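*Asks:* coordinates for the following, if possible.
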Amino acid sequence: MKYITFTIPCYNSENYMRRCVDSLLVGGEDVEILIIDDGSSDRTGAIADEYEMLYPNIVKAVHKPNGGHGSGVNKGLELAHGLYYKVVDSDDWFDRDAYLKMLDKIKSFEVAQFPDLIICNYVYDHLDEGIQKPMNYRNVFPTEKMCNWNTIGHFHPSQYLIMHALMFQTKVLRQSGVKLPEHTFYVDNLFSYQPLPYAKNLYYMDIDLYHYYLGREDQSVNEKVLMKRIDQQIRVTELVAKSVDLREVKKMYPKLAVYMMRNISIMLSISSIHLLLIKTEEAFQKRKRMWEQVKDYDRMLYYRLRCSTLSGLTYLPGRLGGKITVGGYRMARKIYQFQ
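*Replies:* Predicted structure coming up:
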């Protein structure tokens, strides 16, 4: 039985993908590793083939035309045979001890007791600078106890459920209908949002499992890169806002609805801030249109976001409001070391 399918979307990843793949091979034949070569022009495809040849019962090399990160995630989910599905970016890696502990825990569950969603800690890893910032959820979820969205605690302002912290059952992802757009960055926001209401049983392990590498100049979360790709960030924010009816979620899981509202708020905040950083009239108009689109889609959502969430503070009127917003962002970035 394959307990976990790992998908590694790769595009010109020859310089760092081995660290990622090697960290996942520790799971042996209990796992399946799909290396998705997304139309690379370097040796990424050849390296993937080498791994498949060396580990034919674990690794599968998948070659496809370039479609972007979301396309790779979609292809992996289409091909997955594992009970759980986990996306690992090609420049990231797993902690060995935490990985083995998680795998042992999964294997210890009775068949009828597998949680729909397993949550673990992740680490912002500025590897080249020797700086690490672990992110945990001890205040939100009970440790190594089954729970649900109605029995969780409250998220701190710096906490949100990113893709690196989550591992859904494969069938839950398929049931949710999540499908990521191609040739678009930041689609992991949709992946870590849309399936949440479909996960009925949750299980948190207080282990620093996923190392999220930060430091490459071409990285999508790099501030300059994000400003360049701001239209894609805005598009994903809109897709997230429209992917789930929060009124329906609130009927079953009020605490989850609050979190999901906050998630949209965070995404709007990121887009608003980076549009301010661009400092052009066109960017200011895009910021205005972005908020108008939310209002057109869901007026109640718009007013709640404006009046009762963080994103409202990033849409302060005038140039002075913009300066206050950017100043707050700079301070948060310094404190939390997220880039």
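*Asks:* what comes up buried for stretch 250-267?
*Replies:* 253, 255-267 (16 or more other CB atoms under 10 Å). No exception for glycine: its C-beta is placed from N, CA and C like everyone else's.
*Asks:* low-confidence stretches in the chain?
*Replies:* Within the chain, the stretches with pLDDT under 70 are 216-223, 308-339.
*Asks:* which segments of it make up each domain?
*Replies:* Structural domains assigned to the chain are 4-213, 223-336, following automatic domain parsing.
*Asks:* tell me which of the ones you listed sits most buried.
*Replies:* Sort the domains of the chain by mean neighbour count, taking mean count of other CB atoms under 10 Å, and domain 4-213 sits at the top with a mean of 18.
*Asks:* run the chain-centre distance for that one.
*Replies:* 9 Å (CA atoms, centre = their mean, to the nearest Å).
*Asks:* just to revisit the earlier point, give me the subset of the buried residues of stretch 250-267 lying in helices.
*Replies:* Within the buried residues of stretch 250-267, residues falling in helices by DSSP state H are 255-267.
*Asks:* including distance to residue 55, could the residues you listed go into a markdown table?
*Replies:* Formatted as a markdown table, those follow (distance: CB to CB, whole Å):
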| residue | distance to residue 55 |
| --- | --- |
| 255 | 42 |
| 256 | 38 |
| 257 | 43 |
| 258 | 44 |
| 259 | 38 |
| 260 | 39 |
| 261 | 43 |
| 262 | 41 |
| 263 | 37 |
| 264 | 41 |
| 265 | 43 |
| 266 | 39 |
| 267 | 38 |
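*Asks:* nearest to residue 295 among the residues you listed?
*Replies:* Of all those, residue 264 has the smallest distance to residue 295: 13.2 Å, by CB to CB.
*Asks:* I'd say that closest one and residue 305 touch.
*Replies:* Yes: with contact defined as CB atoms under 8 Å, residue 264 counts as touching residue 305 (6.7 Å).
*Asks:* top strand in this protein by residue count?
*Replies:* strand 202-213 (DSSP state E).
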